[in-house]
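Novice: task: produce atomic coordinates for the following.
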Amino acid sequence: MLNQEGFNLWAEGYDQAVHLSDESSTYPFAGYKDILNRIFNRVLEKDHAVILDVGFGTGTLTAKLYERGCEVWGQDFSEKMIQLAQPKMPRARLFQGDFSQGLASPLLQNRYDFIIATYSLHHLDFDGKVRLLQTMRTLLAAGGKILIGDVAFETAAELEQCRQECGDEWDNDEIYFVFDEIKPAFPNAIFEKISYCSGIITITN
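Specialist: Residues are numbered from 1 along each chain as shown. The predicted structure is shown next:
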């Protein structure tokens, strides 16, 4: 797993690395642009939505929502990512912090129409995912939604098939979503498969 220094070093080349993987439809970012586009359009169904982005990276998605009038709050592990993202959305409230240890205190004082997490929560183990998602759900405004776009699979068998096909390319330090395993903790969750190795999980309050 990358530590903060690792994320800082990767920040400058992150977007290009993602683009190359998505364009070639290879693990781990196959379906990336489709995921971001779908989440973008769902958030914009509500005018001037208040959003929290957990693990916003360089702000690829969040900056576009900011430009469309959304009120943006966010937390990221990497100070360098924040330095790259903040100029794109000067009035956004962005905080540095390891979300495996929870959300920054100011973020817990607000309510959000959408909480989004794209390609970030796979750094948490299963229990960490459940704890963070439970906290997120308490922060949703009435009718709010959590939208998770990530490397994700509906079943453990699908994950294992992808692991076998990827061989040495598979990242054993990352812990991907298996929807069948997470759903018992969030019975109203919905899974939408986007590519052979990605999907969107939606959780409502």
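Novice: all helices of the protein, in order?
Specialist: 4-10, 14-23, 32-43, 62-67, 79-85, 126-138, 156-166, 179-182 (DSSP state H).
Novice: next one: Asp173 from Tyr112, what distance?
Specialist: Separation of Asp173 from Tyr112 (Cβ to Cβ, to the nearest Å): 29 Å. For the C-beta atoms, the positions are set from N, CA and C on the backbone; glycine is no exception.
Novice: quick one, which of those two is more surrounded?
Specialist: Legend: neighbour count by other Cβ atoms under 10 Å for Asp173 and Tyr112, higher for Tyr112 (21 against 9).
Novice: re the thing from before, the helices of the chain: which one's closest to Gly102?
Specialist: Set against Gly102 and scored by Cβ to Cβ, those come closest in helix 126-138, at 6.9 Å.
Novice: and that closest one, what's buried?
Specialist: Going by neighbour count (16 or more other Cβ atoms under 10 Å), the buried part of helix 126-138 is 128-130, 132-133, 136-137.
Novice: could you export it as CSV, CA atoms only?
Specialist: Coordinates of each C-alpha in helix 126-138 appear next as CSV, following Å, rounded to 0.1, in the frame of the first residue of the first chain:
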residue,chain,number,x,y,z
PHE,A,126,-13.3,-4.8,4.8
ASP,A,127,-14.0,-3.6,8.4
GLY,A,128,-12.5,-0.3,7.6
LYS,A,129,-14.7,0.1,4.6
VAL,A,130,-17.8,-0.7,6.6
ARG,A,131,-16.9,1.7,9.4
LEU,A,132,-16.2,4.6,7.0
LEU,A,133,-19.4,3.9,5.0
GLN,A,134,-21.5,3.8,8.1
THR,A,135,-20.1,7.2,9.1
MET,A,136,-20.7,8.6,5.6
ARG,A,137,-24.3,7.5,5.7
THR,A,138,-24.9,9.5,8.9
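Novice: how far does it sit from its chain's centre?
Specialist: 13 Å (Cα atoms, centre = their mean, to the nearest Å).
Novice: all numbers from here: first residue = 780
Specialist: Will do, 780 is the new start, and the previous item becomes helix 905-917.
Novice: how about JSON lines for the helices of the chain, with distance to Asp929 and mean pLDDT added?
Specialist: Formatted as JSON lines, these follow (distance: least, Cβ to Cβ, whole Å; pLDDT from 0 to 100):
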{"stretch": "helix 783-789", "distance to Asp929": "16", "mean pLDDT": "37"}
{"stretch": "helix 793-802", "distance to Asp929": "13", "mean pLDDT": "60"}
{"stretch": "helix 811-822", "distance to Asp929": "8", "mean pLDDT": "90"}
{"stretch": "helix 841-846", "distance to Asp929": "16", "mean pLDDT": "93"}
{"stretch": "helix 858-864", "distance to Asp929": "17", "mean pLDDT": "91"}
{"stretch": "helix 905-917", "distance to Asp929": "10", "mean pLDDT": "97"}
{"stretch": "helix 935-945", "distance to Asp929": "12", "mean pLDDT": "96"}
{"stretch": "helix 958-961", "distance to Asp929": "11", "mean pLDDT": "98"}
